[in-house]
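Participant: have a look; sequence and predicted model below, questions after that.
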Amino acid sequence: MEIMGLAVIVILLAVGMFFVTKFSLGTQQPIQAASSQMKQTATGFVNTLLSTDAGCGGTATFSKLLEEMAAPEYTILECAKDPGAFETNVTQILNKTLNIWGYKYKLTVYYPPNAPSPPNNGVIEINNECAEDMDEEAAPPFVIPTDYGDIRVIMKICY
Amino acid sequence: MKKKSQIQMGENVIIIFIFFILLIFAVVFFMKIQGAKTKQKIDIDVTGRGLQIAQKVAFLPEVQCTKDNAEIFSGCYDEYSIRALDAISGTKEHKEYYYEVFGFSTVSVKKIFPAEENQKNLVLYNNTKGNYTSIIVSNVPISLCNFLVDKKCSFGVLKVEVYT
């Protein structure tokens, strides 16, 4: 009789464990969906940004602006002589997009070591509440080839 | 003997009572989990539907930037084509034509940068569901290009609102 009781307890425990496992595995799906959406947003944002008119007059895009900012002494693009030009214009876009949509992000531009006089010692960083200990989803680095080497643009979305 | 049987009977009743209480707890727990999972699944499906519509817009030949019948770059939308669609988006024929592609949703585009005064949303499609319970919004960054006049691209946002 006691063996029967023990068997019932074991069966109940097994059923309980099954439900707990099923529930904890089930929550992985929304996390994966959300992280995939973040990656898509980061990729779409940088892809669009680099082909957008930089607001410098002429047909210069943000990609061209970054390229010209590597050597402002040789450029004919007026706004490329201002080391804060990229940051100022991109912040205007970010204020109307990722900031409103509630994303935490970090946009970083790395200049090649051979660039003659890049802004901010070769690294431009725009950070919106992205801390070191947070998880992140990053777009693949966008590369802008120049005469001095490759400029890399990296967008990370943190959560 | 009679008293011993009565005690055993009482024990059995208590055990069965506890067993049913545990069973009720398990059923309530299971139903709560199922409810939460169903809600999550609906949310994922609807969000996915929003992104699916955004993808469909990206591949609409009506709005793509093209040169010699080839797409210039991915994520590039022709501003004049979008303006033309905006002008007819309120007509019945337009809604009927695109209903199979977009269903009950609103698809609009807004120019973000360079900023222009009195910039209004350009509506590609608007078919609101009568008694909807929720709206799921998906925003996708896009390039709004004008290769006919000044060969410039603006930063825009494609907004898809799906009604459920």
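Facilitator: Now that the structure is in, tell me what you want to look at. Residues are numbered from 1 along each chain as shown, chains lettered A, B, ... in the order given.

Participant: what's next to the one helix or strand residue A:95 maps to, contact-wise?
Facilitator: Per DSSP states H and E: residue A:95 is located in helix A:85-96. Around helix A:85-96, the neighbours that count as contacts under CB atoms under 8 Å, 6 or more residues apart in numbering or on different chains are A:49, A:52, A:54-56, A:62, A:65-66, A:69, A:79, A:82, A:105, A:107, A:109, A:119, A:124, A:126, A:128, B:112-113, B:115, B:155, B:157. In short, each C-beta sits where N, CA and C put it, glycine included.

Participant: among those, which are located in helices?
Facilitator: Helix and strand membership here follows DSSP state H; of these, those in helices are A:49, A:62, A:65-66, A:69.

Participant: may I ask which helix or strand of chain B has the lowest mean pLDDT?
Facilitator: Lowest by mean pLDDT, DSSP states H and E among the helices and strands of chain B is strand B:70-71, with a mean of 68.

Participant: other SSEs contacting whichever helix or strand comes after that strand?
Facilitator: Going down the chain from strand B:70-71, the next helix or strand is strand B:76-78, by DSSP H and E. Contacts defined by 3 or more CB pairs under 8 Å, 6 or more residues apart in numbering or on different chains; DSSP states H and E place strand B:76-78 against strand B:135-146, strand B:152-163.

Participant: show me what the last one is packed up against.
Facilitator: Judged by 3+ CB pairs under 8 Å, 6+ apart, strand B:152-163 is in contact with helix A:28-50, helix B:2-58, strand B:76-78, strand B:105-113, strand B:135-146.

Participant: before we move on, the earlier item: report the buried residues of the helix holding residue A:95.
Facilitator: Within helix A:85-96, the residues scored as buried using 16 or more other CB atoms under 10 Å in any protein chain shown are A:85-87, A:89-90, A:93-94, A:96.

Participant: nearest to residue B:75 among those?
Facilitator: Distance to residue B:75 across the buried residues of helix A:85-96 (CB to CB) is lowest for residue A:93, with 14.7 Å.

Participant: other SSEs contacting the lengthiest strand in chain A?
Facilitator: Ranked by residue count under DSSP state E, the longest strand found in chain A is strand A:149-158. Helices and strands touching strand A:149-158, by 3+ CB pairs under 8 Å, 6+ apart, are helix A:28-50, helix A:62-69, strand A:104-110, strand A:136-138, strand A:142-146.

Participant: pLDDT on the third one, on average?
Facilitator: For strand A:104-110, the mean pLDDT works out to 95.

Participant: now the second one
Facilitator: Helix A:62-69 shows an average pLDDT of 93 in the prediction.

Participant: let me know whether that helix sits next to chain B.
Facilitator: No. Legend: contact between helix A:62-69 and chain B by CB under 8 Å from any CB of the partner chain is lacking; minimum distance shown is 8.8 Å.

Participant: picking that back up, quickly compare the helices and strands packed on strand B:76-78 and say which is most buried.
Facilitator: For these, average neighbour numbers computed from mean count of other CB atoms under 10 Å in any protein chain shown are highest in strand B:152-163, which has a mean of 23.

Participant: got the helices and strands packed on strand B:76-78 as JSON lines, with mean pLDDT columns?
Facilitator: Below are the helices and strands packed on strand B:76-78 laid out as JSON lines (pLDDT from 0 to 100):
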{"stretch": "strand B:135-146", "mean pLDDT": "89"}
{"stretch": "strand B:152-163", "mean pLDDT": "91"}
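
Participant: what packs against whichever helix in chain A runs longest?
Facilitator: Assignment by DSSP H gives helix A:2-26 as the longest helix of chain A. Counting contacts by 3+ CB pairs under 8 Å, 6+ apart, helix A:2-26 is packed against helix B:2-58.

Participant: and after the helix it packs on, which helix or strand comes next?
Facilitator: strand B:66-67.

Participant: close to chain A: what parts of chain B are there?
Facilitator: Contact residues (CB under 8 Å from any CB) of chain B with chain A: B:19, B:22, B:26, B:29-30, B:33, B:37, B:40, B:43-44, B:47-48, B:51, B:73-76, B:112-115, B:139-143, B:150-157.

Participant: so where is chain A shaky, pLDDT-wise?
Facilitator: Residue ranges of chain A with pLDDT under 70: A:1, A:23-33.

Participant: quick check: residue A:157 touching residue A:134?
Facilitator: No. Residue A:157 is beyond contact range of residue A:134, at 9.8 Å (criterion: CB atoms under 8 Å).

Participant: which neighbours do those two share?
Facilitator: With CB under 8 Å, 6+ apart, residue A:157 and residue A:134 have common neighbours residue A:104.
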